[in-house]
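Asks: Structure for the following, please:
(chains A and B)
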Amino acid sequence: MDEILEILSNDARLSVDEIAKLTGKSKAVIAKDIKKYEKNGTIVKYKTVINRGLLKDNGSFVMALIEVGITPQKDVGFDYIAERIYSFPEVTGCYLLSGAYDLLVMVEGENIQTIADFVASKLSPLPHVRSTATHFLLKKYKEDGVVLKKGKKTKRLNIAY
Amino acid sequence: MMKKRISKKVDSMPPSGIRAFFELVLGMKDVISLGVGEPDFVTPWHIREQAIYSLEQGYTSYTSNKGMIELRRQVAHFIKNRYNVSYDPEDQVLITVGVSEGIDLAMRAILNPNDKILIPTPSYVSYEPMARLAGGRPVLLPTSIDNSFKLTPQQIEQVCRKEKNIKVMLINYPCNPTGASYTKKELGELAKAMKKYDLIIISDEVYDELSYDFDHTPLSSLPGMKDRVVYLNGLSKGYAMTGSRIGWACGPKDILGAMTKIHQYTIMCAAITGQMAGIEALRHGARAVGDMRREYMRRRRYIVDALNNIGLDCHMPQGTFYVFPSIRLTGKDGMTFAQELLKKKKVALVPGVAFGKSFQHNVRIAYAASYEDLKEAVKRIKEYLAML
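Replies: I've put the predicted structure just below:
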């Protein structure tokens, strides 16, 4: 992976100026490359990883992983039905997998009932959806490569040769 | 009259001049520390996991004095693969308790009372006292910021002509505290001078994985050098395994045999958990080491640029995670600078004088700290400079 992407994927707040200093490249080159990545869709979006477990209203948030079996269609394969699923705003993630089922769909809702309703009234009735199996998420430990528990402070001494 | 309880040799050793400063740092809370000579990363998980597993499996015994044969084979294989230098794992590789033990063993194995040993400065703090404990007479060879703290072959020749009968030379590159290192060509020139004066070399290459501008070249890989070099390396720096205390010494059979003799009576063997972790590190650690190296490289660029920007003269080092800027413009010596910066701005660094008497006007900054901490530390140093 390009070093610029490596740096940004770890901290998207860094400025062009800072990235230039860290990489030893000129500001112009960094700015040009970032523009290029934004334009061709390599960089999709800059977002923040939030540990919802620490929010006060954590109770009004439920997440589920749904295994969806699909009958693929001539010419469009899985893509057509995937698009119909991931277009729902409740869907936060959608992946085509190899193995026992086809799509893994991540869904967020206010409570278990909203998700149950989504599955029953929106997802299951879609044409070509053969089966669903819904798993409610109990705890998030790690997301986007980041451990959500706040790490302990380093154990090394403050000074050493 | 009471007998003198402490041996003359130890009694005559000067206490570390900056011990008091270290105590001051250790007693203070919420310090941003750029004073630590070890990685800010913890040991990569796959290595820690292997160490835990080895305990579960009951690996809790002594090992062979020389170290586990699997680890010695890994070490030999690694050096052969990476640097194309062959060492026989049976009698040319010794697993030590960190490189520190390797240095002690090499000095004790080679030095007779009053044999001279050449030590370039600024240098890691232990070389000179260890040489004295081994009975040797250290001859210090200061490097200068004018040559980016690199030794020149002329310096070696000059001192060897002046000081007759220097038997041993210690070299450490990339260098703690300056970060200076040598290209293959530069090393070749140094090696010529070393051969000319028939020096035995103790080469501390523990920062080899943290070389940024060119590939590291072991001194023992150069023509005609292998038989006169004790090559020392270990897992502490590159693999972020300081606490595992695993190092290794490789070299000619006679010297390694002598070192092994001392090691077997004094240490017996390195801790088995560390050795088991070491096998995993050398087998599968390359990716983690690469990730850490890239991170240090970025911080190096940042810190050198930032220090020069706030007026501290800082050269671009080729390796390690240290820079050794001059603070001459402040009109203060390094110790005063470090003490004031600690008290007023809670930033810790190490005065240059710790690494050699003549480096009163330098400080060592370790950039083994997060980018956020480095930025905050630079901001505070800038504020401190503005108060002067």
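
Asks: Now do the same contact list for the closest residue in space to A:Tyr37 that isn't next to it in sequence.
Replies: Nearest residue to A:Tyr37, sequence neighbours excluded (Cβ to Cβ, 6 or more residues apart in numbering or on different chains): A:Ile43, at 4.2 Å. Backbone N, C-alpha and C define where each C-beta goes, glycine included. Each residue near A:Ile43 by Cβ atoms under 8 Å, 6 or more residues apart in numbering or on different chains is listed here: A:5, A:8, A:34, A:37.

Asks: In three-state terms, how would A:Ile43 be classified?
Replies: Three-state call for A:Ile43 (DSSP: H, G, I helix; E, B strand; the rest coil): coil.

Asks: Contact residues of the stretch 1-150 of chain B facing chain A?
Replies: B:22, B:25-26, B:28, B:31, B:33, B:35-38, B:40, B:42, B:124-126 (Cβ under 8 Å from any Cβ of the partner chain).

Asks: Just say helix, strand or coil for A:Ala64.
Replies: Going by three-state DSSP: A:Ala64 is strand.

Asks: Pretty sure it sits against A:Gln113.
Replies: No - using Cβ atoms under 8 Å as the test, A:Ala64 is too far from A:Gln113 to be in contact (11.8 Å).

Asks: higher neighbour count, the two?
Replies: A:Ala64 (20 against 10; other Cβ atoms under 10 Å in any protein chain shown).

Asks: what about the helices in chain A?
Replies: Assigned by DSSP state H, the helices in chain A fall at A:3-10, A:16-23, A:27-39, A:79-86, A:112-117.

Asks: out of the ones you listed, deepest packed?
Replies: helix A:16-23 (a mean of 19; mean count of other Cβ atoms under 10 Å in any protein chain shown).

Asks: what about that one and chain B, touching?
Replies: Yes - legend: contact between helix A:16-23 and chain B by Cβ under 8 Å from any Cβ is shown at A:18, A:21-23.

Asks: who's in contact with that helix?
Replies: A:3-4, A:7-8, A:14, A:25-27, A:29-31, A:34, B:298-299, B:301-302, B:305-306, B:371.

Asks: and if you look at stretch A:117-124?
Replies: Contacts of stretch A:117-124 (Cβ under 8 Å, 6+ apart): A:66, A:68, A:85, A:88, A:90, A:105, A:107, A:109, A:129, A:132, A:134.

Asks: Farthest-apart pair in these, please.
Replies: Within those, A:Gly109 and A:Val129 form the most distant pair, 18.5 Å apart (Cβ to Cβ).

Asks: who are the neighbours in contact with the residue nearest to the spatial centre of chain A?
Replies: The centre of chain A sits closest to A:Gly93, judged by Cα atoms, centre = their mean, with a distance of 6.1 Å. Contacts for A:Gly93 (Cβ under 8 Å, 6+ apart) come out as A:104-106.

Asks: Of those residues - the most surrounded one?
Replies: Neighbour max across those (other Cβ under 10 Å) = A:Val105, 24 neighbours.

Asks: Bridge partners for the closest residue to that one other than its chain neighbours, pull those for me.
Replies: In this structure, A:Val105 finds its nearest non-sequential neighbour in A:Ile66, 4.5 Å apart by Cβ to Cβ, 6+ apart. Applying DSSP bridges to A:Ile66 gives these bridge partners: A:Val105, A:Thr134.

Asks: Confirm for me that A:Ile66 is in contact with A:Thr134.
Replies: Yes - applying Cβ under 8 Å as the test, A:Ile66 and A:Thr134 come out as touching, 4.9 Å apart.

Asks: how about the residues of chain A near chain B?
Replies: Residues of chain A found near chain B (Cβ under 8 Å from any Cβ) are A:3, A:6-7, A:11, A:18, A:21-24, A:154, A:156-161.

Asks: List just the nearest of the residues you listed to A:Asp144.
Replies: A:Asp11 (12.4 Å).

Asks: what's the spacing between that closest one and B:Met268?
Replies: Using Cβ to Cβ, to the nearest Å, A:Asp11 is found at 47 Å from B:Met268.

Asks: go on, A:Lys152?
Replies: Going from A:Lys152 to B:Met268 by Cβ to Cβ gives 33 Å.

Asks: Comparing these two, which residue is more hemmed in?
Replies: More crowded of A:Lys152 and B:Met268, by other Cβ under 10 Å: B:Met268, with 10 against 7.

Asks: The more buried one: what secondary structure?
Replies: coil.

Asks: thinking it is in contact with B:Asn65, fair?
Replies: Yes - with contact defined as Cβ under 8 Å, B:Met268 counts as touching B:Asn65 (6.5 Å).

Asks: For the stretch 251-388 of chain B, just list every one of the helices.
Replies: B:253-266, B:272-284, B:286-309, B:334-345, B:371-387 (DSSP state H, counting those that start in this stretch).

Asks: For the ones you listed, give me JSON lines that also has mean neighbour count and mean pLDDT.
Replies: What follows is the helices of the stretch 251-388 of chain B, written out as JSON lines (neighbours: other Cβ atoms under 10 Å in any protein chain shown; pLDDT from 0 to 100):
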{"stretch": "helix B:253-266", "mean neighbour count": "17", "mean pLDDT": "98"}
{"stretch": "helix B:272-284", "mean neighbour count": "22", "mean pLDDT": "98"}
{"stretch": "helix B:286-309", "mean neighbour count": "18", "mean pLDDT": "97"}
{"stretch": "helix B:334-345", "mean neighbour count": "19", "mean pLDDT": "96"}
{"stretch": "helix B:371-387", "mean neighbour count": "17", "mean pLDDT": "96"}
